[in-house]
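Asks: got a predicted structure here, sequence first:
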Amino acid sequence: MIDYDLRLLMPDTVALELPVDARNVYGVITYGAAVDHQCRIEQTTSMVRDQDGRERVSSAQIFLSTQTRIPPTTRVTLPDGSHPVIMSIESVQDENGAYFTKLNT
């Protein structure tokens, strides 16, 4: 369960669409229904390692109030309607286990 005080620091909402194990005839990934998640979006530039270990420039970090495993092929919809590519996903831990999830886009 996410700490109440931490949720107060998450004023934004993003929609996550998990990929379904299917592609259409053109090879495009099919996504499930969008689910809104409370979060904090920080528009800061930083260097991150992507899923392949390459260094990339991240322009935003999304701190999600969820402990659910999020695959890297998940489609994120920001409040402005854009769909940034997820470069890396971190599960941030505290002494009790998973605390929140950080997406670098």
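Replies: Thanks, I have the structure now. Numbering: from 1, shown residues only.
Asks: was I right to think Val14 contacts Ile62?
Replies: Yes - counting by C-beta atoms under 8 Å, Val14 touches Ile62, with 6.1 Å between them. C-beta: built from backbone N, CA, C; applies to glycine.
Asks: any common contacting residues for the two?
Replies: Both Val14 and Ile62 are contacted by 39, 41, 76, under the criterion C-beta atoms under 8 Å, 6 or more residues apart in numbering.
Asks: so which of those residues are in strands?
Replies: Counting by DSSP state E, the part of the shared contacts of Val14 and Ile62 found in strands is 39, 41, 76.
Asks: rewinding a little: more neighbours: Val14 and Ile62, which one.
Replies: Shown here are Val14 and Ile62; by other C-beta atoms under 10 Å, Ile62 has more neighbours (23 against 19).
Asks: since we're on the residue nearest to the more buried one when sequence neighbours are not counted, how many residues are nearby?
Replies: Distance criterion C-beta to C-beta, 6 or more residues apart in numbering; nearest residue to Ile62, sequence neighbours excluded, is Leu103 at 4.3 Å. Per other C-beta under 10 Å, the neighbour tally for Leu103 reads 24.
Asks: contacting residues for Leu103?
Replies: Contacts for Leu103 were tallied using C-beta under 8 Å, 6+ apart; they are 61-62, 64, 70, 76, 86, 88-89.
Asks: now do the helices in the chain.
Replies: For the chain, applying DSSP state H gives helices covering 4-8.
Asks: any stretches of it with poor pLDDT?
Replies: 1-4, 97-98 (pLDDT under 70).
Asks: in it, which residue sits furthest out from the middle?
Replies: Within the chain, Val25 marks the point farthest from the mean C-alpha position, 27.3 Å out by C-alpha atoms, centre = their mean.
Asks: what's the spacing between that residue and Leu6?
Replies: 44 Å (C-beta to C-beta, to the nearest Å).
Asks: what does Asn96 give?
Replies: 12 Å.
Asks: higher neighbour count, these two?
Replies: Neighbours were counted for Asn96 and for Leu6 using other C-beta under 10 Å; Leu6 has more, 15 against 8.
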